[in-house]
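Engineer: coordinates only, sequence not included:
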Ligand code: SF4
C-alpha cells in the first residue's frame, strides 16, 4: 500500500500538483493481513494551490478489505466517495475485522457514495490470461486500485507504467501482472461508468523553479551533506537502527562519494560516543535516533556539553514513552531535549517544521554546532520524516558559508615566557578553540571532570565550577543574537496568537488562514529555535491577550513559554500518534475568538 | 628543523601532578609507557590517549599527547569514532576491569571484532578502586568486598578468553611488576595493525593489595608465570622443568617436561589463524592461584576497520566521482515550474 501511495504521489508531483502525504503503517513488519492491527494506509492531499498538510477529511477512501474500512472510515468526509474491494468482504475477513454483518449489506454506509469494485476478481482474470498464478495475481490488486484512482484523478498513465517496468525489472512475471492490473484498474474506471465524476486537479501555481518530491528524512540527510560542504568538514554519522530515524542512516550510507563516514554502532551509546570521538578528530559528529535512543545517549551528550565539541543529535520523535508507538508521530521529546540530562547541561535546540525544510534545519543545526562548539539537538518527527512534499530546489550559491577554523597556534604565554595552548580560552562567541590531534604544539587533554577556566586542567574549585556552569549557560544563551527573530503572520492586532514548533506548522497555518478567511482575527507564529528562544519572542507573546500552543504532547512548549516569560500560554494537546488536522485547530481558534 | 619524533621520556610527561595513591601499580605502567614512547618514533601530536572512568582512566592526563578522558565504559566507542575519522593517529585506550568488562563490555567486544586500530590496555586489579572497593567482573568467587559482605557469587570473566572469543586479532597479558615485559607488550601492540588488547595485571594497594603477588612477585615468577614466546616451546619453572602440552583429549595442561619429553611440549605460535589454541592457553589460568601465561597469546592479521571504511569511500569516489550536491538534489524525479 505504501508503494502504490508513493507512486500516486510521485506522478502527481511531477504533474505539478502541490501535495502533502501521511503514510501510516503498522509497527510489525508482517502484521497479520486483514486485521485492524495490520492495516497499512496512505493519505495524500493534492491541490492546485500551495498546501502544507495531508488534508483533514479525505474526499475519497479506497478500502482494500473490511479491516481497512473499519480503521479508516472515520476520517472520510461525510458524503465522501468510498471505493471498496468487494471480493474481500467474505465472512472470514469480516470476522477478522470485527464486523458482525457486512457493512456492504447492512446499510451502515448509506452516508457515503459507495462503489463496490471486484478488484481481486478482475485482477485475477486479467492475470490468468498472462499465465500468472491466482496467488501471485492477488498481490497485484493494489495496482488495480492505483489504476482506478489514477483514472479518477486524471493522472498520466505512462509514467507509472514505466516505473513499474523499472521497479520490477528483475521479475518479469510480477512486472507483467502489475502492469496488467494497473491498466485494468484504469480501464475499469473508464468503461464501467460507475463513477459520476472524475477529479481534475490542475497543476498548482507554485513559484518558478525546479522541484522534487521529498521526504523529511531525505531532506535532512541531504541537508547534512550540504552542511558538510558549507562547513568544509567531513561528516561522521554514528547511528544505531531505530524507527523512524533509520532512513537517514540508510541515505547517508549511500553517499560515501561525499566523504560521509557512516558507522552502525553496537548500541545508541556507542553511536553517540563515536560521534564525540570523530568531533574531537575534526569531523562533524552526527548521531541520529528517536526518543528512546536520546535517553540512552544522554550521558554522552553531557560529555559533549562538558568537552564543548560540535555534535548534532538528531531526534526523529515518535510516540512514547518506551517503545510507545514507534511508527506514529509525536512531539513529546522537547523537554527531554531541553532538560533530559544530568547536571546543568544546556544545549541549542533546532526544530524542523516541514518535510522539505528539514534540509535547512540540518544546515542550521550544524552551523550552530561548529560555530559555538556545542552539541545541538535537531528535532524532527515521524510525520515530517515519512511525509513528502514538493520542494523547490535551493540555489546552492545562496546557502550560507558556515566554515570555521581549527586552532593552529599556541594561544597563551606562560609566566616563563614559553608559548602554550589553553584549550578553554574563549573567543568572542565564548567558544573554545577546536584543536585537532595532529596539530603540533597544541597537545591537550580534555575530559568530563570539571575544568579550570582557560587552562582546562582538572579543577574542583567551588568558585570555578560555578563560573564554568554559568559560562556554559551564557554561551548557549547568547546564540539568541545569532538566530532569526520570530515572524508573526496574519493579524498583528488580533487578540489571539497561535504559536507552535515542529510539524504542526502546516496545520496551524492552514487553520489560521481558514479562520481569517471567515473574518476572524488571529495571528500565528512558528518557532524554529527552541533553545535559546528568539530575542523578540517575549515581546510578541506579551502583545496578545490569548496565546494558544498546539502540540502533539501534554503541553511542553507552553510550559517553557510560561516559565520563561510568565505568559498565560494555553496548551492544545493531541496525543494520538497523528498530526493535528487544520479543522481541529480552526475549531480551537474559533473557540478562543468567541 | 627539529625532528618532532625524536623525544625523551620527559617530553611525554605533562606538568599535571599524578594523583594515584602512593604505591599504586598504575605508576609503573605510566613509567613504562613514557619510556617506550621515544622508542616508537612517533610524534606526540599524532598520539591520542582515550579513557573511560576509573583510576586507570586518569592515564591521559599524564601523557603529553592529545587525550580524552571520557565516560564510564565508553572509551572504545569514543576511540572508534576518532579512529574512523582520523586513521593517521596512534590511539591508545586505557581502562580498568570495571570500565572495560562491566559497564563497557559491549563496546570492548565490538571494537575487538571490528579490528579497529586501537591499542587497548586493560589494567586488571580485580576491584573497583575509584568507587572505593566493590567487587569487579574479574573478582574471584567468594571475594568479600563492601558490596559482597558474604562473598561474591559472580563467576568472573577471564579477560583474555573474552577477547579471543570476541575475534580479537592481538591479545596479550603482562603485569605491573615487570617494566621490560610491559614495554615489550606495548611495543608489539603498537606494531600490530588493528585492535590490540593487552591485559596488565595491576596492584591496587589500597583496596586489593597483593592480589597478584602470588604470581607476580620476583620470587614467585619462575614458578607461577608462563612466558609465551613465539616459536619457543612453552616452558617455565626455576629450571624450566615444567611445560604445556595438548593432550589427546584436546586439553592444554601443565606437565613435568621430564615426564613427557621435550618434543611433546607445545611450541607457541602466536600467528596461528585458528584461535582455539590461544583460547586454550587463556584457559590455563586467569587467577593468581595457578601458573598463569603472560606474553602474546594471539597476533594475526585481518583487515583493519578504518582502512576498510576509507576503502569504501575511495571506491565510491572512484566509481561516481566526488559527490556533487547539485546532482544529488536532482537525483529523484524533478519538474520545472515556469
Ligand atoms: S584506589 Fe587502587 S587502583 Fe586506584 S589509585 Fe589507589 S591504589 Fe591505584
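Structural biologist: Nice, I can see it. If you're wondering where the values come from, they're calculated on a predicted model, not measured in any experiment.

Engineer: Now for the nearest residue to residue B:155 once chain neighbours are set aside, how many residues are close by?
Structural biologist: Counting by C-beta to C-beta, 6 or more residues apart in numbering or on different chains, residue B:141 is the residue found nearest to residue B:155 once chain neighbours are left out, at 6.6 Å. For the C-beta atoms, the positions are set from N, CA and C on the backbone; glycine is no exception. Residues within reach of residue B:141, counting by other C-beta atoms under 10 Å in any protein chain shown, total 13.

Engineer: Would you mind listing where the chain has pLDDT under the threshold?
Structural biologist: Here I'm looking at chain A. A:193-194, A:196-197 (pLDDT under 70).

Engineer: oops, I was thinking of chain B
Structural biologist: Applying pLDDT under 70 to chain B flags residues B:1-2.

Engineer: before we move on, the earlier item: ok, the residue nearest to residue B:155 touching residue B:150?
Structural biologist: No: look at residue B:141 against residue B:150 with C-beta atoms under 8 Å: they stay out of range, at 11.7 Å.

Engineer: coming back round to it: what helix or strand is the residue nearest to residue B:155 on?
Structural biologist: Residue B:141 belongs to no helix or strand when assigned by DSSP states H and E.

Engineer: Return the distance of it relative to residue B:100.
Structural biologist: The gap separating residue B:141 from residue B:100 is 20 Å, by C-beta to C-beta, to the nearest Å.

Engineer: residues in contact with the closest residue to the ligand within the stretch 101-250 of chain A?
Structural biologist: Residue nearest to the ligand within the stretch 101-250 of chain A (C-beta to the nearest ligand atom): residue A:238, separated by 30.8 Å. Counting by C-beta atoms under 8 Å, 6 or more residues apart in numbering or on different chains, residue A:238 touches A:263, A:265, A:270-275, A:278, A:285-287, B:81.

Engineer: mind running it again at 10 Å?
Structural biologist: Residue A:238 sits next to A:249, A:261-265, A:268-278, A:285-289, A:297, A:300, A:311, B:77-78, B:80-81, B:84 when contact means C-beta atoms under 10 Å, 6 or more residues apart in numbering or on different chains.

Engineer: cool, and residue A:578?
Structural biologist: A:22, A:24, A:43, A:75, A:319, A:325, A:328-330, A:382-383, A:552.

Engineer: hmm, try it at 8 Å
Structural biologist: A:22, A:24, A:328-329.

Engineer: Residue B:169 contacts residue B:305, doesn't it?
Structural biologist: No: with contact defined as C-beta under 8 Å, residue B:169 does not count as touching residue B:305 (10.6 Å).

Engineer: Now for these two: what residues contact both?
Structural biologist: Joint contacts of residue B:169 and residue B:305 (C-beta under 8 Å, 6+ apart) are B:115, B:194-195.

Engineer: Using TSV, please lay out those together with secondary structure, neighbour count and distance to residue A:172.
Structural biologist: Output for the shared contacts of residue B:169 and residue B:305, formatted as TSV (DSSP: H, G, I helix; E, B strand; the rest coil; neighbours: other C-beta atoms under 10 Å in any protein chain shown; distance: C-beta to C-beta, whole Å):
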residue	secondary structure	neighbour count	distance to residue A:172
B:115	coil	25	43
B:194	coil	23	46
B:195	coil	33	47
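
Engineer: give the contact list for residue 5.
Structural biologist: In the absence of a named chain, chain A is used. A:21, A:23, A:42, A:44.

Engineer: Not quite, go with chain B.
Structural biologist: Contacts of residue B:5 were listed using C-beta under 8 Å, 6+ apart, and they are B:41-43.

Engineer: any idea which helix or strand carries the nearest residue to residue A:589 once chain neighbours are set aside?
Structural biologist: With C-beta to C-beta, 6+ apart as the criterion, residue A:589 has its nearest non-adjacent residue at 4.8 Å, and that residue is residue A:515. When elements are assigned from DSSP H and E, residue A:515 belongs to helix A:505-517.

Engineer: Specify the next element, helix or strand, located C-terminal of that helix.
Structural biologist: Downstream of helix A:505-517 (by DSSP H and E), the next one is strand A:523-527.

Engineer: Each with direction, which strands does whichever helix or strand comes after that following strand pair with?
Structural biologist: With elements assigned by DSSP H and E, the helix or strand that comes after strand A:523-527 is strand A:529-531. The strands beside strand A:529-531 in its sheet (DSSP bridges) come out as strand A:349-351 (antiparallel).

Engineer: Could you say which helix or strand holds whatever residue of the stretch 101-250 of chain B ends up closest to chain A?
Structural biologist: For the stretch 101-250 of chain B, the residue closest to chain A is residue B:110, as judged by C-beta to the nearest C-beta, at 4.0 Å. Per DSSP H and E, residue B:110 falls inside helix B:105-114.

Engineer: And the residue of the stretch 101-250 of chain B closest to chain A, how far from residue B:190?
Structural biologist: Distance from residue B:110 to residue B:190, by C-beta to C-beta: 22 Å.

Engineer: So these two - more neighbours on which side?
Structural biologist: Comparing residue B:110 with residue B:190 by neighbour count (other C-beta under 10 Å), the higher total belongs to residue B:110, at 20 against 17.

Engineer: ok, that one to residue A:214 distance?
Structural biologist: Distance from residue B:110 to residue A:214, by C-beta to C-beta: 34 Å.

Engineer: quick one, what contacts residue A:147?
Structural biologist: A:181-189.

Engineer: switch the cut-off to 6 Å
Structural biologist: Residue A:147 makes contacts with A:182, A:185-186, as judged by C-beta atoms under 6 Å, 6 or more residues apart in numbering or on different chains.

Engineer: Also residue B:18?
Structural biologist: By C-beta under 6 Å, 6+ apart, the contact list for residue B:18 reads residue B:62.

Engineer: before we move on, what SS does it have?
Structural biologist: coil (DSSP: H, G, I helix; E, B strand; the rest coil).

Engineer: How many residues are close by residue 217?
Structural biologist: Using chain A here. Residue A:217 has 27 neighbours, counted by other C-beta under 10 Å.

Engineer: I was thinking of chain B, sorry if that wasn't clear
Structural biologist: For residue B:217, using other C-beta under 10 Å, the count is 12.
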